[in-house]
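In: got a sequence here, can you build the structure:
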Amino acid sequence: MTAHVREATVADSAGIARVRIETWRAAYRGLVPQEVLDRLSVERETILRIERWDEHHAHEGAHDLVAVADGEVVGWAFAGPARDPDPPATGELYAIYAIAERWSRGVGHALLAEVERRLIADGHEGAYLWVLDGNARAAAFYESHGWHADGGRKVEEGMHEVRRIRTFSERLGSAPSLV
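Out: Modelled structure (predicted):
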């Protein structure tokens, strides 16, 4: 079944936590220390998401989206205004994940298309994201959707990340349709 993308609600917190943690464990094995992956807890993250929901959604330009299939959350994306002090673009894709069983089945594409549509509607001419260095699958996914490495690098919590940017100018006036 195809996933439907919609705005996330606080009731989706457990599903979002499950998607993020399952994806980290599948995608980052060998890239992140195993003890970090082993410490992740859906229950703990769910509680934190619920407690911080209002804080994370205080900015009207924040877009928290879920992909739902067969009645369950199978993907998640969160985007909005740039957070870095010297950003290469005004929008940022903070996170995007799909459970491994849904990889290469359109969930990531649907989420990314909706994120881009919303960022364009908010007036952003481009956006950036950070991807874990060595995550070849994610890098190929972003590359296929027009997100290119621009040389930006950072180390956060011991993890090396590479910045990718996307200019929406070629899409202005023809925003992607809802998927």
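
In: for the protein, which segments are assigned as strands?
Out: Taking DSSP state E, the strands of the chain run over residues 4-7, 63-69, 72-81, 91-98, 126-132, 148-156, 159-167.

In: who does the last one pair up with?
Out: In the sheet containing strand 159-167, the strands it pairs with under DSSP bridges are strand 126-132 (antiparallel), strand 148-156 (antiparallel).

In: again with the longest one
Out: Strand partners for strand 72-81, identified by DSSP bridges, are recorded as strand 63-69 (antiparallel), strand 91-98 (antiparallel).

In: make JSON lines from those strands and add mean neighbour count, distance to Ala127 and mean pLDDT to it.
Out: Bear in mind the C-beta positions are built from the backbone N, C-alpha and C, glycine included. Shown next, in JSON lines, are the strands paired with strand 72-81 (neighbours: other CB atoms under 10 Å; distance: least, CB to CB, whole Å; pLDDT from 0 to 100):
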{"stretch": "strand 63-69", "mean neighbour count": "22", "distance to Ala127": "11", "mean pLDDT": "96"}
{"stretch": "strand 91-98", "mean neighbour count": "23", "distance to Ala127": "3", "mean pLDDT": "96"}
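
In: of those, which is nearest Leu40?
Out: For the strands paired with strand 72-81, proximity to Leu40 was assessed by CB to CB; strand 91-98 is nearest, at 12.5 Å.

In: distance of Val32 relative to Lys154?
Out: When distance is defined by CB to CB, to the nearest Å, Val32 is 15 Å away from Lys154.

In: more neighbours, the two?
Out: Legend: neighbour count by other CB atoms under 10 Å for Val32 and Lys154, higher for Val32 (19 against 12).

In: beta partners for the more buried one?
Out: Bridge pairing for Val32 - DSSP bridges - gives Arg29.

In: my read: it touches Glu161, true?
Out: No - using CB atoms under 8 Å, Val32 makes no contact with Glu161, being 11.5 Å away.

In: model confidence for Glu170, exactly?
Out: If you check Glu170, the pLDDT there is 56.

In: cool, Arg52 as well?
Out: On the pLDDT scale, Arg52 is placed at 94.

In: number of residues surrounding it?
Out: Here the count is done by other CB under 10 Å, and Arg52 has 11 residues near it.
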